[in-house]
Every structure is written in C-alpha cells, then in structure tokens.
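Chemist: Structure for this input, please:
(3 chains)
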Amino acid sequence: MSATLATDLESAATAVHHLGEVIGTVAFAASGALTAVRRNLDIVGMVVLASATALGGGIIRDVMIGQFPPTAFTNLTFLIAATVTALIIFVKHPARILTGWSLEFTDAVGLGLFCVTGTVVAYDGGLGAPTAALLGVTTGIGGGVVRDVLSGEVPTVLRPDSLYAIPATVGAVATAILLNFGLYNAWVGLICAAVTTSVRLLAVRYGWRGPLPHYVRRQRPGE
Amino acid sequence: MSATLATDLESAATAVHHLGEVIGTVAFAASGALTAVRRNLDIVGMVVLASATALGGGIIRDVMIGQFPPTAFTNLTFLIAATVTALIIFVKHPARILTGWSLEFTDAVGLGLFCVTGTVVAYDGGLGAPTAALLGVTTGIGGGVVRDVLSGEVPTVLRPDSLYAIPATVGAVATAILLNFGLYNAWVGLICAAVTTSVRLLAVRYGWRGPLPHYVRRQRPGE
Amino acid sequence: MSATLATDLESAATAVHHLGEVIGTVAFAASGALTAVRRNLDIVGMVVLASATALGGGIIRDVMIGQFPPTAFTNLTFLIAATVTALIIFVKHPARILTGWSLEFTDAVGLGLFCVTGTVVAYDGGLGAPTAALLGVTTGIGGGVVRDVLSGEVPTVLRPDSLYAIPATVGAVATAILLNFGLYNAWVGLICAAVTTSVRLLAVRYGWRGPLPHYVRRQRPGE
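Modeler: Below is the predicted model:
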C-alpha cells in the first residue's frame, strides 16, 4: 500500500470517528429535546436538556480521563449541533415523532455511537482495554442518566422494561477487544455501534429484559 | 496614574471579586436553606443543602478547569459562610421569608454573581472567551441544579414558568466580551451581575417565558 | 522494634486499609442492590445501582483530589466485588433481609469505612487535615447520594428521620485529627469506622434527629 493511500485511509478514519461523535451528539440531543417536549418544557428548557443529554456523557468521560476543560467546552461544534437539533424539533416536528419510537430510537443511536467513541478516546488516552471499555459504557449511558435525572425520571439504564446496560457493555467490550488486538478501525467501529443500537432496539421491540429477583417475582401477582 | 494608586485599585478590584464570591455563596446558601425548610428538613439537612447549593457551582467550575482540589475544599471561608447562613435562617426567620420572593430573590442574586465570577475565574485560567462564558453559565446554574435535584424537584433552569438560562447567558457572555476586549474590571462585573439578577427577577415578576413547542401549545387547552 | 517487625506491621496496616475499602464497597453495593430490589428493578438494574453506590463515593473523592482515572476504573477489584455482591443478593436472599434493618445496616457500615478511608486517601495525597476531613465526609455520603438520586428518592443525608451527616462528620474529623498528630494507624481507623457506624445505627434505632426549624415545628400539629 502506498504511503499516500495509507494517509488517505487514516484521515478518512478520523473523519468517520468525528462524524460518529457529531451524529451521536445530534441523536442524544434529539432524545433530550423530545423528553423536554413530553414534559411540557419551553424552548429554553428544550435547548438546555438537549445540550445536557448530548454533552453529558462526553463531559463525564473527559473528567474521568483527566482532560480539562472537557472537549464539550472548548470545541463548540457539539453545543451548536445540540442547540440546532433542539431548535429544529421545536420549530417543525410532526406529531407522530412525539409518540412511539422516536425517543427510544434516538437514544439507541446515541448509545451505540458513544459507547464506541468513548472506548476509543479512553484507549487512545493510554488506558488499558478493560478501563477503556468501562469508560465507554459510562460515556454511552451517561448522557441518558443526566437527561433522566434532570427531568425527574428513574434512568433508563435502571428500568426493568428492556435491556439497556447489556447492549452498551457488548458494544464497548467488543470495541476494546478489537483495539487491544490492533483490529480496530473507524469502519469496524461503525459496525460495533450499529450492533449496539440494533440490540438495544430489539430489546425494546421484543421486551427483552433481565430476570427479576425471586422476591419481586413472587410479589408480582399480588401487586 | 501613580503606581501606588494602580496597586490600590487592583487590590480593591480583587477584594470586590472575593466579596462577590462570598455574597453569591451566602445568597445560594440561603436559597438552599429556604428550600430545606419548605421540604420539612431538619437543621442538619438545612446545612447540607445550603452547602451543596452554595459550593456546587464552584466545585463543578473548578473540576471543569482542572483545579484540584476545588477551592471549596481548601478555602473553608465558603463552607463556613454557607453553614452560618443556614444556622441564621434556622434560628431566626420571620415567617414571611418562607413565602413569596425570598427563594427567587436569593437564587437570582447568587445566579448573577456566580455567572460573572465563574466566567472571570475560567478566563483568568487561560481559557478563551467562549469557553469562559460557557463555564460561567455552568457555574451560575450549577448550584441551583444541585439544590433542586437533591431535593427531588425539576431544576429551575428547566422549568417553563419564567426565563432562567437566558439571563444567566446574558451575564456570562457580557462578562466574557468585556474580558476579551480588556474592558472588564470588578466594578463593571458588579453591574453585569446586577443586570443578570434584575433580568431574572423581572422574568419572575412579569412571567416572561420562552415559547412552548407547537404540540404542547395545542395540547394546553385540552389539559 | 526490629526493622522486619516494623515492615510487617506496616504491610499489615496497608492490608487492613485495603480490606476496609473492599468491605465498604461490598456494604454499599449491598445497600444499592437492596434498594434496587425494593424498587422492583431487574438483575441488570441491581448490578448497575450496586456498582454506582459502591464506586460513586470513591470516584467523587478521586476527582476532587485530581486522581485520573479514578481508582474504580483502573482497579477492577471494586467493580467485581460490587457485581458479585449484587448477584449473591439476586440469587439467594432470605425475605427478611429485604425488610427491617438490612438497608440501614449495610449503608451504615459503608458510611463508616468510607469516611475513614476517604479521609486517609486525601491526607496521604498531601492535603491538609480540614480538607481531608471534608473529602472524607464527601466520600462517605457520596455513594448513598448517588444511590438515592438515581432511584428517585431524597438522599438519606437530607432526610430528617435520623442523623446521618453528624456521624459521618465525627468519623472523618476524628480520623483527620489522629492523622494530623501522627496517631493514626489502620487499627485505630477501624475503631473510628466502627464508632461512625455505631452512632449512625443508634441514631436510626433511637430516632436521634436534628431539631426542626421553628416554622416547621409550629406547622407539624396542623399537618
């Protein structure tokens, strides 16, 4: 392979990585803005909740790896992307996106992309594969936890309706293994993200859930 | 101007900056203690919630700019100021301060001062003006978010009753612009804080609020 | 004393310190898992809430002292201990541990151990005794705050039912004073932790609580 081609591929991979981060930001911002609409918040609340959801995971990740100030404060691309997403949803949303799958879908897309990019950023920062995977999971679920806590709900990652932490862990661990064995590139990363998103959406669609503890199982009929 | 006068003015400005931080701390501590009283907490809960509210914004700011340990842990002035404020409200409060404007007023004073001092601290730490403004907003709204999340309420910054994030952004951005063009000093900063506080209080008084999204507007009559 | 004996005692002290951290982790993980069971969460929610409770205090402490990434992400012992604890509670728990004292007991054990180890870690990191004590309190109460906020409850540290912040402060301040005067060792630390845990449990048992503010006291009969 010529040096030029290698460089081209490398910069393409970097571009794909950044694109993944921006799309993940937009997806989480949309999930925050949709949550805001459902909670009857105004346009300012929509922008704030969208930004907190979109930037929250990355800020937590950057704090954990010791990157100050976090990228979300220095590269305003992410804040602008989140704000524009919230404004678009404010101005023009078909009524149907407020019901049904839109929230689960945008959240799942953000989850998939951030689990992968979070793992990659942590690994590139010199951390071992297990630590990187753990930080990837934290990045992926962090935005949703911020969104749900701020809007007064039990975080999705805790709810027993359908699996959430499992797909996140699968995506981050797969990414960390690939990185560890030198098999990772941005294209493979996209596949990891797509698998994470798909598993999460299948869990919602088919009601895949973890087993309940014995005590709760016995209680269920009597509730 | 003589060197002595310049030095005098500079140390006066530093004193004003510190005074602003202490008054902001007292104001936010009062808002936390009043919230605690309304939630039927005891004296310990009042001190803890007052301290978390008063120190929360500054701790978040210091973590974001990489200042460890945060000033709130090393300079105990702030913790003592918050504790004394809570104790005074515990011992002797006229019943009327528990109703009406006291909570909005103290919160607005803290918001104004912390938006400005947060921006200044971040800018002095070497960050660019946009990043400093963003951190100023985060510092200003951070304490209130901590207070509201801990006491189980939707944060004021998200509520659609009256504008909160807009005055905070105005104050922080004005401060960042003045800093960027070398026009900032502590006296001008006080004006920025006063404007922020006033806009927030006017928003409460006159019910200034952001527009609601279309879907919610249509739903309102049917609620 | 021979050099060998001194070294033996020192490594025994280090072992006791680490044991204390692991037992505190297991205790807080159990309190998180029990909270999850009471909230009808599934096995995944139990593991997530147990881990967040067990690791939360230490992560907050490490961020405050500038230790990146926090130990919880690099030394997986703590995550594994928390996960195993949650799984054991999932698989085999007598119904009685879900009622009565189990939650208060495990939480009090974690509180006592983390107040002491948190203070020691901060002091060993070069911070002064008052700052170390404050960080010890933060470490001790941090895990419970994370657990309660995530599961949608007002944090135990704020509730007026029984004293919580006072025993935590006593344990951390005692540890900091002993450290400051060179009188601390791991065995004395165990006593500090045991005292903290005991005071907390006595407060629960005998309903020791802080005084309520005047206004609330007057209101009580009319509620």
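Chemist: got any ranges where chain A has weak pLDDT?
Modeler: For chain A, applying pLDDT under 70 flags the ranges A:1-6, A:9, A:93-100, A:215-223.
Chemist: If we use 50, what do you get?
Modeler: Along chain A, the parts satisfying pLDDT under 50 run over A:1, A:220-223.
Chemist: What residue in it comes nearest to chain C?
Modeler: Of all residues in chain A, A:Gly66 sits closest to chain C, at 3.1 Å by CB to the nearest CB. In short, each C-beta sits where N, CA and C put it, glycine included.
Chemist: which residues touch the nearest residue to that residue once chain neighbours are set aside?
Modeler: Nearest residue to A:Gly66 in three dimensions, chain neighbours excluded: C:Phe68, at 3.1 Å (CB to CB, 6 or more residues apart in numbering or on different chains). By CB atoms under 8 Å, 6 or more residues apart in numbering or on different chains, the contact list for C:Phe68 reads A:Val63, A:Met64, A:Ile65, A:Gly66, C:Asp62.
Chemist: what about the nearest residue to the third one once chain neighbours are set aside, neighbour count?
Modeler: For A:Ile65, the nearest residue in space outside its immediate sequence neighbours is A:Gly125; the separation is 4.7 Å by CB to CB, 6+ apart. A:Gly125 is surrounded by 18 other residues when neighbours are defined as other CB atoms under 10 Å in any protein chain shown.
Chemist: Next: the one 10 residues further on.
Modeler: The local packing of A:Leu135 (other CB under 10 Å) involves 28 other residues.
Chemist: The residue nearest to A:Ile65 reaches A:Thr71, doesn't it?
Modeler: No - judged on CB atoms under 8 Å, A:Gly125 makes no contact with A:Thr71 at a distance of 11.8 Å.
Chemist: How far off centre is stretch A:186-194?
Modeler: Distance, stretch centre to chain centre, for stretch A:186-194: 14 Å (CA atoms, centre = their mean, to the nearest Å).
Chemist: I misspoke; the intended subject was stretch A:153-165.
Modeler: The answer for stretch A:153-165 is 14 Å, by CA atoms, centre = their mean.
Chemist: List the buried residues in it.
Modeler: A:Val154, A:Pro155, A:Thr156, A:Val157, A:Leu158, A:Arg159, A:Pro160, A:Ser162, A:Leu163, A:Tyr164, A:Ala165 (16 or more other CB atoms under 10 Å in any protein chain shown).
Chemist: Can you tell me which of the residues you listed is nearest B:Thr131?
Modeler: Using CB to CB, A:Pro155 comes nearest to B:Thr131 of the buried residues of stretch A:153-165, at 28.7 Å.
Chemist: How about the secondary structure of the residue nearest in space to the middle of chain A?
Modeler: Taking CA atoms, centre = their mean, the centroid of chain A lies closest to A:Leu111, which sits 2.6 Å from it. Under DSSP: H, G, I helix; E, B strand; the rest coil, the three-state class of A:Leu111 is helix.
Chemist: same check, this time on the one 5 residues further on
Modeler: When the structure is split into helix, strand and coil by three-state DSSP, A:Val116 lands in helix.
Chemist: so what's it up against?
Modeler: A:Gly20, A:Gly136, A:Gly171, A:Ala172, A:Thr175, A:Gly189, A:Leu190, A:Cys192, A:Ala193, A:Thr196.
Chemist: A:Ala30 now?
Modeler: Applying CB under 8 Å, 6+ apart, the residues near A:Ala30 are A:Ala50, A:Thr85, A:Ile89, A:Ser102, A:Thr106.
Chemist: cutoff 7 Å now
Modeler: Taking CB atoms under 7 Å, 6 or more residues apart in numbering or on different chains, we find A:Ala30 in contact with A:Thr85, A:Ile89, A:Thr106.
Chemist: Backbone dihedrals for it, both of them.
Modeler: phi -60, psi -40 (degrees, to the nearest 10).
Chemist: what about the strands in chain A?
Modeler: Read by DSSP state E, chain A holds no strands at all.
Chemist: now the nearest residue to A:Gly20 once chain neighbours are set aside: how far from A:Gly171?
Modeler: Nearest non-adjacent residue to A:Gly20, counting by CB to CB, 6+ apart: A:Leu113, 4.9 Å away. Applying CB to CB, to the nearest Å, the value for A:Leu113 to A:Gly171 is 9 Å.
Chemist: Write out the residues of chain A neighbouring chain C.
Modeler: A:63-66, A:127, A:130-131, A:134-135, A:149, A:154-155, A:157-158, A:160, A:163, A:165-166, A:209-213, A:215-216 (CB under 7 Å from any CB of the partner chain).
Chemist: Among these, which lie within helices?
Modeler: A:Val63, A:Met64, A:Ile65, A:Pro130, A:Thr131, A:Leu134, A:Leu135, A:Val149, A:Ala165, A:Ile166, A:Tyr215, A:Val216 (DSSP state H).
Chemist: Just the buried ones from these?
Modeler: A:Val63, A:Met64, A:Ile65, A:Thr131, A:Leu134, A:Leu135, A:Val149, A:Ala165, A:Ile166, A:Tyr215, A:Val216.
Chemist: nearest spatial neighbour of the fifth one, skipping sequence neighbours?
Modeler: Counting by CB to CB, 6+ apart, A:Leu134 lies nearest to C:Phe73, which is 5.4 Å off, once chain neighbours are set aside.
Chemist: Surely the one you found and A:Leu135 touch.
Modeler: Yes - between C:Phe73 and A:Leu135 there is a contact at 6.2 Å, judged by CB atoms under 7 Å.
Chemist: what touches both of those two?
Modeler: A:Met64.
Chemist: quick one on the thing from earlier: what's the distance between the residue nearest to A:Gly20 and A:Val195?
Modeler: Look at A:Leu113 and A:Val195: by CB to CB, they are 12 Å apart.
Chemist: Name the residue in the two with the higher neighbour count.
Modeler: Using other CB under 10 Å as the criterion, A:Leu113 and A:Val195 rank with A:Leu113 on top: 30 against 16.
Chemist: what's the spacing between the more buried one and A:Phe28?
Modeler: 9 Å.
Chemist: Same check on A:Ile80?
Modeler: A:Ile80 is 14 Å from A:Phe28, by CB to CB.
Chemist: Between the two, tell me which one has more neighbours.
Modeler: Higher neighbour count among A:Ile80 and A:Phe28: A:Phe28, with 34 against 12, using other CB under 10 Å.
Chemist: And for A:Arg205, the neighbour number?
Modeler: Considering only other CB under 10 Å, A:Arg205 is surrounded by 11 other residues.
Chemist: Might you enumerate the residues of chain A proximal to chain B?
Modeler: So far as CB under 7 Å from any CB goes, chain A lies against chain B at A:37, A:40-46, A:48-49, A:63, A:68-70, A:73-74, A:76, A:90, A:93, A:95, A:98, A:149-152.
Chemist: Show me just the buried residues among these.
Modeler: If we count by 16+ other CB under 10 Å, these have these buried: A:37, A:40-46, A:48-49, A:63, A:68-70, A:73-74, A:90, A:93, A:98, A:149-151.
Chemist: who touches both of A:Leu113 and A:Gly171?
Modeler: A:Ala193.
Chemist: re the thing from before, name the nearest of the contacts of A:Ala30 relative to chain B.
Modeler: Relative to chain B, and with distances defined as CB to the nearest CB, the nearest of those is A:Ile89, at 7.5 Å.
Chemist: now whatever residue of chain A ends up closest to chain B: how far from B:Val121?
Modeler: Across chain A, the shortest distance to chain B (CB to the nearest CB) belongs to A:Phe68, at 3.1 Å. Distance from A:Phe68 to B:Val121, counting by CB to CB: 13 Å.
Chemist: Repeat that for A:Arg39.
Modeler: 33 Å.
Chemist: Of those two, which one has the most company?
Modeler: Between A:Arg39 and B:Val121, counted using other CB under 10 Å, B:Val121 has the larger neighbour count: 23 against 19.
Chemist: mind listing what the residue nearest to the more buried one when sequence neighbours are not counted touches?
Modeler: Spatial nearest neighbour of B:Val121, chain neighbours left out: B:Arg61 (6.5 Å); criterion: CB to CB, 6+ apart. Contacts here follow CB under 7 Å, 6+ apart; on that basis B:Arg61 touches B:Gly118, B:Val121, B:Ala122, B:Leu135, B:Thr138, B:Thr139.
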